[in-house]
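**Student:** have a look at this prediction, sequence included:
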Amino acid sequence: MSARWGARAFQGLSGLAVAGVSFGGAAYAKEWHPPAGQNQRKGLTISDPKLKRKDPKSLPFMSVDEVTADHDGRVWVTFRGGVYDVTDFMDAHPGGVARIEMSQGQDLSAFWRLYTLHLERQHILDLLEEYRIGNLTDDDRRRMEDEISKPLASMYEEDPDRPRNREGKLRVPTIIPWNSEPKDLTTLTDTFYTPNDLFFVRNHNHVPDLEREEYTLEIEANPDAGIEKDFEFTLEDLEKKFEKVTVISALQCAGNRQEDFVRDDRPLYVAPHWRNGAIGNAKWEGVRVRDVLKACGMDVDGFALGTKKYPDVKICNFIAEDKDETGVPYAGVLPIEKVADPFGDAILAYKMNGETLPRDHGYPIRLLAPGHAGCRNVKWVRNIVLSKAASELDSGSKLDRHFSPEVDFLEHIRWGDDHLRLDQGPVIQTLPVTSVITEPAMFGTVSGKDADHVTVKGISWSGGGRGICRAEMSIDGGKTFGAAEIIKSAERPDKSVMPEAGQGRNWAWEQFEREIPLTAEMKKDLKAGKKVNMEIVMRAIDGDFNKQPEHMEQAWNVLGICCNHWARVKAVLDPKVAADKLPATPSTPPPGYPYPKALREAYEQKQPMEQWA
């Protein structure tokens with residue numbers, strides 16, 4: 001996908017009859033359907049059967065004056081000739097309440113030209129129809145789109161250049177804000193440290209352009225924590241006044257692998273829709289957060305030993321420089337115990353893999369909280385505030401709760417906290433044990449010519465520093481498993497504490513490979529010239545001997561986080577294809593969509609799949 005879709009989607013919309021509806025007249029189709037999203041027009045479909053669509057012919061026409069009037073705090077918007085009251089959706093909006101509020105009395109096209117992800121996911125367009133309260137005439141539609149609504153000014157024009165995207169090396173779930181992961185998952189096992197320019201990027205807003213000389217880190221006074229006044233540190237202060245430490249750690253977005261949760265009749269209403277690449281491993285250099293707090297007056301040593309109590313200090317808030325269009329900054333929180341623990345290794349990093357921290361990864365300073373979810377590892381840190389409760393700015397308190405499987409977006413989440421048991425939806429900090437298969441690729445072809453084994457590679461990681469004791473792999477859907485070998489690398493550090501010791505601090509990932517012998521039946525089919533379908537499976541056991549759940553349904557949750565079911569890849573052994581003549585692997589579908597049904601059927605029927613490449 002590219003930004004051009006946003007402009008194309010809005011060319012010639014004025015006065016257009018959409019899906020059989022002429023909004024300026026009385027001619028309606030017998031059965032009305034919501035406007036098709038871009039990917040649906042490409043032949044991709046997804047829908048939620050729980051959505052209750054409204055027929056616009058049952059709704060009144062409204063004037064521009066009615067739409068733009070004051071509605072006592074309620075938010076009315078228009079889109080493609082419809083009028084919508086979206087007030088009841090504000091608290092559930094993943095982009096925040098403020099972004100909805102600023103759209104009052106305007107046409108959504110002014111905003112979605114920029115945030116094109118709304119146009120690329122059919123279920124979002126379907127959901128909007130539930131809030132429809134009326135229609136516009138063709139003339140009023142033109143006024144709303146061309147005169148009343150002011151195009152949203154882009155805050156993203158100063159984002160950094162991303163040459164790897166131009167080279168086709170990245171999968172980009174959203175352009176604005178920028179979110180990317182390596183397109184080729186072999187990147188995760190090619191080197192122990194993931195290259196900075198291929199490391200996944202999770203942005204919530206634009207990328208700040210901060211100058212070294214102008215940057216200051218601010219620590220807010222809190223006498224309850226022993227910090228009697230505000231403190232400021234320049235980047236030079238941090239580099240020269242504190243000990244530099246190195247932490248080798250993997251970093252994973254809480255939603256990595258969430259596209260596995262998407263089904264034809266069950267979309268995810270969250271972004272950015274990661275596949276498997278929102279994880280990377282790096283060498284981070286910086287200063288301990290505890291050392292900075294100690295310099296400000298907090299007795300972190302006494303607190304860690306339990307000899308000093310701070311009863312009104314529970315949370316360390318990290319507030320970032322990046323802000324949304326309404327001025328609300330991103331923020332994340334950690335338990336104070338994590339930052340005060342000398343073995344917690346929470347640092348303010350200014351280097352990544354031996355290089356100055358790239359802008360997309362938080363230059364000049366980012367938090368690295370090893371073992372914790374990516375959302376907690378705040379980039380572009382500007383303020384640190386110690387408090388008794390999490391700041392209201394903490395997005396994770398809303399977007400990163402882990403609910404049980406019966407909690408549904410349409411029936412619960414979108415109606416607000418009053419319709420949820422928040423005590424049963426804990427806010428995540430660390431992440432569970434997980435695995436990703438990097439070779440072979442999904443729906444890829446493997447040469448079966450004179451083959452007696454298949455080589456499988458992947459990575460495993462567990463949050464909380466629990467480490468990985470063992471990874472196991474299978475090519476028969478998990479009927480038989482065998483232990484995989486750790487991929488040896490000169491860059492891989494020796495472990496000071498083994499995972500099974502249960503002491504944590506195993507922050508890095510492990511990379512594995514296994515040469516799996518073909519079954520007798522597989523060899524027989526290959527010898528007969530038949531293709532063989534393989535279901536390749538990988539699972540891991542962490543230092544606390546936690547195991548991955550077998551099925552996606554066992555891990556599914558409404559906000560698409562902590563996705564740690566067995567990694568599965570469907571691939572084909574072809575006895576007629578040499579290793580250097582393999583057909584192209586089908587591309588992953590657009591974000592938010594499952595693989596096309598026709599592709600899945602072609603795989604099951606052992607038909608060629610190159611047309612989806």
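**Tutor:** Ah, there it is.
**Student:** hmm, L357 is touching I365, no?
**Tutor:** Yes - using C-beta atoms under 8 Å, L357 is in contact with I365, at 7.5 Å. (Each C-beta comes from the backbone N, C-alpha and C, glycine too.)
**Student:** joint contacts of the two?
**Tutor:** 349-350 (C-beta atoms under 8 Å, 6 or more residues apart in numbering).
**Student:** between the two, point out the one with more neighbours.
**Tutor:** I365 (26 against 22; other C-beta atoms under 10 Å).
**Student:** residues in contact with that one?
**Tutor:** 215, 217, 235, 238, 286, 348-350, 357, 380-381.
**Student:** tell me which stretches of the stretch 301-450 of the chain form strands.
**Tutor:** Assigned by DSSP state E, counting those that start in this stretch, the stretch 301-450 of the chain shows strands spanning 315-323, 329-335, 347-352, 355-356, 366-368, 381-387, 434-439, 445-447.
**Student:** and the ones you listed, which is most packed in?
**Tutor:** Compared across the strands of the stretch 301-450 of the chain, strand 434-439 shows the largest average neighbour count, a mean of 26 (mean count of other C-beta atoms under 10 Å).
**Student:** re earlier: want to throw the strands of the stretch 301-450 of the chain into a markdown table with mean pLDDT?
**Tutor:** Below are the strands of the stretch 301-450 of the chain laid out as a markdown table (pLDDT from 0 to 100):
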| stretch | mean pLDDT |
| --- | --- |
| strand 315-323 | 98 |
| strand 329-335 | 97 |
| strand 347-352 | 98 |
| strand 355-356 | 98 |
| strand 366-368 | 98 |
| strand 381-387 | 98 |
| strand 434-439 | 98 |
| strand 445-447 | 97 |
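**Student:** of all those, which one is nearest L44?
**Tutor:** Of all these, strand 445-447 sits nearest to L44, with 22.8 Å by C-beta to C-beta.
**Student:** contact partners of the helix or strand following the closest one?
**Tutor:** Downstream of strand 445-447, the first helix or strand assigned by DSSP states H and E is strand 453-461. By C-beta under 8 Å, 6+ apart, the list of residues contacting strand 453-461 from outside reads 186, 188-189, 250, 252, 279, 433-440, 446, 468, 471, 473, 475, 484, 487, 508-518, 534, 536, 538, 540, 567, 573.
**Student:** please redo it, this time with the cut-off set to 6 Å
**Tutor:** The contact list for strand 453-461 (C-beta atoms under 6 Å, 6 or more residues apart in numbering) reads 188-189, 250, 435-439, 468, 471, 473, 475, 509-517, 536, 538, 540.
**Student:** repeat for stretch 85-97
**Tutor:** Residues outside stretch 85-97 that contact it (C-beta under 6 Å, 6+ apart): 74-77, 100, 131, 133, 270-271, 413-414, 416.
**Student:** just the CA atoms of stretch 133-148, as PDB, please.
**Tutor:** C-alpha atoms of stretch 133-148 as PDB (Å, rounded to 0.1, in the frame of the first residue of the first chain):
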ATOM      1  CA  ILE A 133     -28.300   9.000  11.600                       C
ATOM      2  CA  GLY A 134     -29.100  10.600   8.300                       C
ATOM      3  CA  ASN A 135     -28.200  11.600   4.700                       C
ATOM      4  CA  LEU A 136     -27.000  14.700   2.800                       C
ATOM      5  CA  THR A 137     -28.200  15.900  -0.500                       C
ATOM      6  CA  ASP A 138     -25.600  15.800  -3.300                       C
ATOM      7  CA  ASP A 139     -25.200  19.600  -3.100                       C
ATOM      8  CA  ASP A 140     -24.700  19.500   0.700                       C
ATOM      9  CA  ARG A 141     -22.300  16.600   0.300                       C
ATOM     10  CA  ARG A 142     -20.200  18.700  -2.000                       C
ATOM     11  CA  ARG A 143     -20.200  21.600   0.400                       C
ATOM     12  CA  MET A 144     -19.100  19.400   3.300                       C
ATOM     13  CA  GLU A 145     -16.300  17.800   1.300                       C
ATOM     14  CA  ASP A 146     -15.100  20.800  -0.600                       C
ATOM     15  CA  GLU A 147     -15.900  23.900   1.500                       C
ATOM     16  CA  ILE A 148     -16.800  23.200   5.100                       C
END
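**Student:** related to what we said a few turns ago, show the buried residues in the contacts of strand 453-461.
**Tutor:** Neighbour-count burial (16 or more other C-beta atoms under 10 Å) is assigned, among those, to 188-189, 250, 435-439, 468, 471, 473, 475, 509-514, 516, 536, 538, 540.
**Student:** what about the protein, any weak spots by pLDDT?
**Tutor:** Counting by pLDDT under 70, the chain shows low-confidence ranges at 1-43, 45.
**Student:** turn the contacts of I365 into JSON lines, columns for distance to D126.
**Tutor:** Listed next are the contacts of I365 as JSON lines, based on distance: C-beta to C-beta, whole Å:
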{"residue": "Y215", "distance to D126": "44"}
{"residue": "L217", "distance to D126": "45"}
{"residue": "L235", "distance to D126": "48"}
{"residue": "L238", "distance to D126": "49"}
{"residue": "G286", "distance to D126": "45"}
{"residue": "L348", "distance to D126": "44"}
{"residue": "A349", "distance to D126": "42"}
{"residue": "Y350", "distance to D126": "45"}
{"residue": "L357", "distance to D126": "41"}
{"residue": "W380", "distance to D126": "35"}
{"residue": "V381", "distance to D126": "39"}
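**Student:** tell me the one among those residues nearest to D265.
**Tutor:** Nearest to D265 among these, with distances taken as C-beta to C-beta, is W380, at 39.4 Å.
**Student:** need the nearest residue in space to the closest one, chain neighbours excluded.
**Tutor:** Leaving aside its chain neighbours, W380 sits nearest to E321 (4.0 Å; criterion: C-beta to C-beta, 6 or more residues apart in numbering).
**Student:** about what we covered before: need the strands of the stretch 301-450 of the chain in JSON lines with distance to Y603, can you?
**Tutor:** Output for the strands of the stretch 301-450 of the chain, formatted as JSON lines (distance: least, C-beta to C-beta, whole Å):
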{"stretch": "strand 315-323", "distance to Y603": "41"}
{"stretch": "strand 329-335", "distance to Y603": "40"}
{"stretch": "strand 347-352", "distance to Y603": "39"}
{"stretch": "strand 355-356", "distance to Y603": "41"}
{"stretch": "strand 366-368", "distance to Y603": "40"}
{"stretch": "strand 381-387", "distance to Y603": "46"}
{"stretch": "strand 434-439", "distance to Y603": "16"}
{"stretch": "strand 445-447", "distance to Y603": "10"}
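**Student:** minimum distance to D408: which of the ones you listed has it?
**Tutor:** strand 434-439 (24.2 Å).
**Student:** picking that back up, which among the contacts of stretch 85-97 gets closest to S387?
**Tutor:** When those are compared against S387 (criterion: C-beta to C-beta), the nearest one is G416, at 24.3 Å.
**Student:** OK, contacts around the closest one?
**Tutor:** D91.
**Student:** measure it to T87 for me?
**Tutor:** Applying C-beta to C-beta, to the nearest Å, the value for G416 to T87 is 11 Å.
**Student:** so which of the contacts of strand 453-461 are in strands?
**Tutor:** 250, 435-439, 468, 471, 473, 510-517, 536, 538, 540 (DSSP state E).
**Student:** was I right about G374 contacting C253?
**Tutor:** Yes - look at G374 against C253 with C-beta atoms under 6 Å: they come within range, at 4.2 Å.
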